[in-house]
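A.B. asks: Fold the following.
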Amino acid sequence: MKTRRFPFSLWLAALPVFAALVALGVWQVNRLAWKEGLLAEIHARIAAPAEPVEALDARHAASGDVDYFPLVAKGVYCHDLERHFLSTHKGEAGFFVYTPLVSADSRILFVNRGFVPYERKDAATRAEGQVAGEVEVMGLARDAPAAKPGFLVPENDTAKNVFYWKDIAAMAASAGLDSTKLRPYFLDAGSASNPGGLPVGGVTLIDLPNSHLQYAGTWFGLAAVLAAIVGIMTARRMRSRQP
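C.D. replies: Have a look, this model is predicted:
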């Protein structure tokens, strides 16, 4: 009777898997710290006093980042040039309406005025909301994406005025706007009601998903289960005897 040899092959097979699971858990912990820092920065920006567009222009020129800074802008809407970004709001399909706002110095700022249902894409169906004359708009500045978010996102259909990603240059070009006058960021309008109720403002997404702690727990839990299984199998193998 002799004890079986130590199961080196079992450990050699399990160790890379264990290391990968632990590495994934550590990665999620790091992602958690990054996400918490990002959320804290966003909420700090949102709590800041609103700034005029000139201040945001300077900030953007210095850093290229104006995301979530409160902004107040004055100008006249060009409702006939509004662009439509396919989206959902509270489970309903429709569009975010991006309308050029032209200031007194002829600078152009695309304003996300808010959500309209799919069947109200045509501005003629919501004429009450097409405010005339000079307006003052308050909301949050949003950075324009530098590129399409991913290969799964469709190409924008400028012929039908349907945008799947917020290509600010394509929005301006399809509306026939002078790109030299275009401000390089957006304004998400606040929740102040528009005449007729459309568009519905205040659609900025602020509560970003933050499930990294749960993910980390899952990966570390799987690593612990694997270690326990390998330990039990090793103990059984070492206790067993054969002739």
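
A.B. asks: Beyond the lengthiest helix in the chain, next helix or strand please.
C.D. replies: The helix that spans the most residues within the chain, counting by DSSP state H, is helix 8-46. Sequence order places strand 51-52 as the next helix or strand after helix 8-46, per DSSP states H and E.

A.B. asks: coming back round to it: packing partners for the longest helix of the chain?
C.D. replies: In this structure, helix 8-46 makes packing contacts with helix 212-239, judged by 3 or more Cβ pairs under 8 Å, 6 or more residues apart in numbering; DSSP states H and E. Using the backbone N, CA and C atoms, a C-beta is placed for each residue, glycine as well.

A.B. asks: list the buried ones in the helix it packs on?
C.D. replies: 212, 215-216, 219-220, 222-223, 226, 230 (16 or more other Cβ atoms under 10 Å).

A.B. asks: Using CSV, lay out those together with distance to residue 155 and pLDDT.
C.D. replies: Below are those laid out as CSV (distance: Cβ to Cβ, whole Å; pLDDT from 0 to 100):
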residue, distance to residue 155, pLDDT
212, 32, 81
215, 32, 82
216, 36, 82
219, 36, 85
220, 41, 84
222, 39, 87
223, 42, 84
226, 44, 82
230, 49, 78
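
A.B. asks: Including distance to residue 67, could those go into TSV?
C.D. replies: As requested, the buried residues of helix 212-239 are exported to TSV (distance: Cβ to Cβ, whole Å):
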residue	distance to residue 67
212	21
215	25
216	26
219	30
220	32
222	35
223	36
226	41
230	46
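
A.B. asks: where does the protein dip in pLDDT?
C.D. replies: For the chain, applying pLDDT under 70 flags the ranges 1-7, 207-208, 240-243.

A.B. asks: Which residue ranges make up each domain of it?
C.D. replies: Using automatic domain parsing, the domain parsing of the chain gives 2-38+210-242, 69-197.

A.B. asks: Select, out of those, the one closest to residue 54.
C.D. replies: With respect to residue 54, and counting by Cβ to Cβ, the nearest of the domains of the chain is domain 69-197 at 9.4 Å.

A.B. asks: Tell me, how many residues neighbour residue 182?
C.D. replies: For residue 182, the neighbour count with other Cβ atoms under 10 Å is 20.

A.B. asks: tally of neighbours for the closest residue to residue 101 other than its chain neighbours?
C.D. replies: Once flanking residues are discounted, residue 101 sits nearest to residue 75: 4.1 Å by Cβ to Cβ, 6 or more residues apart in numbering. Number of residues near residue 75 (other Cβ under 10 Å) recorded here: 21.

A.B. asks: cool, the one 3 residues further on as well?
C.D. replies: Applying other Cβ under 10 Å, we find 15 other residues in the vicinity of residue 78.

A.B. asks: which residues does the spatially closest residue to it that is not a sequence neighbour contact?
C.D. replies: Counting by Cβ to Cβ, 6+ apart, the nearest residue to residue 78 once its immediate chain neighbours are dropped is residue 100, at 4.4 Å. Neighbouring residues of residue 100 by Cβ atoms under 8 Å, 6 or more residues apart in numbering: 77-78, 81-82, 108-111, 172, 175, 177.
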